[in-house]
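**Student:** What shape does this take:
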Amino acid sequence: MSDLSFYRMRAIAVLAMAAVVPAISACGDHKLGPSTPASVSMVSGDTQKILVGDRASQPLLVEIKNSDGSPLAGIPVIWAVISAGGSLQPVADTTDVNGQARATYLSPVITVGPDTGKVAISATSRFNTITFTVSALPTK
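**Tutor:** Residues are numbered from 1 along each chain as shown. Next comes the predicted model:
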């Protein structure tokens, strides 16, 4: 067998395992309940006050659970600044094993103007949208 054939067979085996393992693990475990989210809630980061040009001290954190109250991993969450400017890191996340996704808000670098004040930030999963509010305070 040539080296090229060996690597092709190895790649096929890895891809097959990547497809089979999640399917097998999903079959027998009904303790976690349904995989459809029943609740999306804020955990931390809402109503923070930060100085303009700074980053939030707490991450914006959401939690997604199923109808049995178990956390759901692997649910995509898209973050967006809805009003007043700034940016987020990251803009897309996936819930971890605790059902949580996070982002950090970065205020734009200005001292006065329309970007100071209340900042609305959304966290959107395919099932729900939650809006956080952060207060960007002008520097003195």
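**Student:** Please make it C-alpha for all contacts and neighbour counts, starting now.
**Tutor:** Will do.
**Student:** Tell me the spacing between P76 and S39.
**Tutor:** According to CA to CA, to the nearest Å, P76 and S39 sit 14 Å apart.
**Student:** swap in G85?
**Tutor:** For G85, the distance to S39 - CA to CA - is 28 Å.
**Student:** same question, S67
**Tutor:** Applying CA to CA, the value for S67 to S39 is 7 Å.
**Student:** which sections of the protein are below the confidence cut-off?
**Tutor:** 1-33, 110-116 (pLDDT under 70).
**Student:** And the strands in it?
**Tutor:** 37-44, 48-51, 60-66, 76-83, 87-89, 92-94, 100-106, 117-124, 129-137 (DSSP state E).
**Student:** any chance of the ones you listed in CSV, plus mean neighbour count?
**Tutor:** Formatted as CSV, the strands of the chain follow (neighbours: other CA atoms under 10 Å):
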stretch, mean neighbour count
strand 37-44, 16
strand 48-51, 18
strand 60-66, 22
strand 76-83, 19
strand 87-89, 17
strand 92-94, 17
strand 100-106, 24
strand 117-124, 21
strand 129-137, 19
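**Student:** what bridges to the spatially closest residue to R55 that is not a sequence neighbour?
**Tutor:** Excluding the flanking residues, the one nearest R55 by CA to CA, 6 or more residues apart in numbering is L106, at 4.3 Å. According to DSSP bridges, the partner residues bridging L106 are R55, S87.
**Student:** List the contacts of L106.
**Tutor:** Neighbour list for L106: 53-56, 86-89 [criterion: CA atoms under 8 Å, 6 or more residues apart in numbering].
**Student:** In contact with the closest residue to A92 other than its chain neighbours: list those residues for me.
**Tutor:** Distances taken as CA to CA, 6+ apart place I78 nearest to A92, at 4.5 Å, with adjacent residues excluded. Contacts of I78 were listed using CA under 8 Å, 6+ apart, and they are 91-93, 122-125.
**Student:** repeat that for 6 Å
**Tutor:** Counting by CA atoms under 6 Å, 6 or more residues apart in numbering, I78 touches 91-92, 123-124.
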